[in-house]
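Peer 1: pasted the sequence and its predicted model underneath.
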Amino acid sequence: MRSLKLFIGSGFGSGLIPFAPGTWGSLLSLVPIYFLMRSGNIFLIPLFVLIASLLSLWVTSACVEQWGDDPGKLVMDEWAGQALTFISISSTGVLDSDLMILGIGFILFRIFDILKPLGINKLQKYEGGAGILLDDLLAGLYALICLKTLIFIWS
């Protein structure tokens, strides 16, 4: 069970890439996010956020035990935050446009996740899995607000 938790916590191995594991984890999460967006079912992205969040909380203790406090290799929290960025974003049906939206959402999420402005850093002070997860969810929310604003302006 411990190996399974480490595998899931590492974003199915994406967090094990030595350089910028959070970025790689966020990038890999875009694959299922893209297909969920394309499905047209508005409930799938919120469900994905919920599942990734619950998985993150479930695996945190094993990952912290294995890799130390708030380990970079633990990226399931990035999966949840990255998905939150797209919670109300619909597919355009045009691959180029969808990829551009995914790319911009990815960049916005990474900026907020790395820089941790606007109170994001304060959330890391919570103990255990909550602190590890909450900062990514807030980064995803800020990225969502920025992405929706950009889409509104471009429209």
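Peer 2: Alright, I've got the coordinates.
Peer 1: mind giving me the packing neighbours of the longest helix anywhere in the chain?
Peer 2: In the chain, ranked by residue count with DSSP state H as the criterion, the top helix is helix 128-154. With contacts taken as 3 or more C-beta pairs under 8 Å, 6 or more residues apart in numbering; DSSP states H and E, helix 128-154 sits against helix 44-67, helix 76-84, helix 95-115, helix 120-123. For every residue, glycine as well, the C-beta is placed using N, CA and C.
Peer 1: so can I have TSV of those showing distance to Ala143 and mean neighbour count?
Peer 2: Output for those, formatted as TSV (distance: least, C-beta to C-beta, whole Å; neighbours: other C-beta atoms under 10 Å):
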stretch	distance to Ala143	mean neighbour count
helix 44-67	13	18
helix 76-84	8	31
helix 95-115	4	18
helix 120-123	11	16
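Peer 1: what residue ranges in the protein score low on pLDDT?
Peer 2: Nowhere does the chain drop to pLDDT under 70.
Peer 1: do that again at 80, thanks
Peer 2: Across the chain, the ranges flagged by pLDDT under 80 are 70, 124-129, 155.
Peer 1: coming back round to it: in TSV, list the helices and strands packed on helix 128-154 along with distance to Ser29.
Peer 2: Output for the helices and strands packed on helix 128-154, formatted as TSV (distance: least, C-beta to C-beta, whole Å):
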stretch	distance to Ser29
helix 44-67	8
helix 76-84	4
helix 95-115	9
helix 120-123	18
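Peer 1: show me the one of those helices that comes nearest Thr23.
Peer 2: Set against Thr23 and scored by C-beta to C-beta, the helices and strands packed on helix 128-154 come closest in helix 95-115, at 6.0 Å.
Peer 1: from Phe109, how far off is Leu84?
Peer 2: 8 Å (C-beta to C-beta, to the nearest Å).
Peer 1: overlap in contacts, these two.
Peer 2: Residues touching both Leu84 and Phe109 (C-beta atoms under 8 Å, 6 or more residues apart in numbering): Gly140, Ala143.
Peer 1: which ones are touching Leu84?
Peer 2: Here Leu84 is in contact with Val49, Leu137, Gly140, Leu141, Ala143, Leu144 (C-beta under 8 Å, 6+ apart).
Peer 1: same deal with Leu36?
Peer 2: Counting by C-beta under 8 Å, 6+ apart, Leu36 touches Leu44, Ile45, Phe48.
Peer 1: what's the nearest residue to it if we skip its chain neighbours?
Peer 2: Nearest residue to Leu36 in three dimensions, chain neighbours excluded: Leu44, at 4.2 Å (C-beta to C-beta, 6 or more residues apart in numbering).
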